[in-house]
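S.K.: coords please:
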Amino acid sequence: MPKKIRELIKDLEKSGFINRGGKSSHQNFMHEEGGVVTISGKTGSTKNQRN
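M.R.: Got it, this is the predicted structure:
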């Protein structure tokens with residue numbers, strides 16, 4: 001089962017990424033060494049997306 005959004009955010013922050021905010025359901029994270037990650041989804045979401 002994939003990780004939940006809040007778990008991904010927690011892992012990113014432990015790795016040194018800083019939340020730079022975002023619009024709507026997008027959150028942008030930046031690392032001091034130049035890495036950038038954008039996560040799309042609400043933190044309270046518990047829906048499982050299946051293809």
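S.K.: For the rest of this, base every contact and every neighbour count on C-alpha atoms.
M.R.: OK.
S.K.: which intervals of this protein have sub-threshold pLDDT?
M.R.: 44-51 (pLDDT under 70).
S.K.: 80 instead, please
M.R.: 43-51 (pLDDT under 80).
S.K.: OK, contacts around Glu32?
M.R.: Neighbouring residues of Glu32 by C-alpha atoms under 8 Å, 6 or more residues apart in numbering: 16-17.
S.K.: again, 10 Å this time
M.R.: 16-18 (C-alpha atoms under 10 Å, 6 or more residues apart in numbering).
S.K.: Sitting in strands, which of those residues do you find?
M.R.: Ile18 (DSSP state E).
S.K.: most surrounded residue in the contacts of Glu32?
M.R.: Phe17 (21 neighbours; other C-alpha atoms under 10 Å).
S.K.: Can you show me the strands along this structure?
M.R.: Under DSSP E, the chain gives strands at 18-19, 26-30, 36-40.
S.K.: For Met1, which of those is the nearest?
M.R.: strand 36-40 (17.5 Å; C-alpha to C-alpha).
S.K.: just how off-centre is that closest one within its chain?
M.R.: Its chain's C-alpha centre lies 6 Å from the corresponding centre of strand 36-40 when counted by C-alpha atoms, centre = their mean, to the nearest Å.
S.K.: Ok, stretch 19-38 next?
M.R.: With C-alpha atoms, centre = their mean, you get 8 Å for stretch 19-38.
S.K.: Any buried residues in it, and which?
M.R.: 19, 27-30 (16 or more other C-alpha atoms under 10 Å).
S.K.: can you pull the contacts of Val37?
M.R.: 12, 17-19, 27-31.
S.K.: Tabulate those residues in TSV, adding columns for distance to Pro2.
M.R.: Below are those laid out as TSV (distance: C-alpha to C-alpha, whole Å):
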residue	distance to Pro2
Leu12	15
Phe17	20
Ile18	22
Asn19	21
Gln27	18
Asn28	20
Phe29	20
Met30	22
His31	23
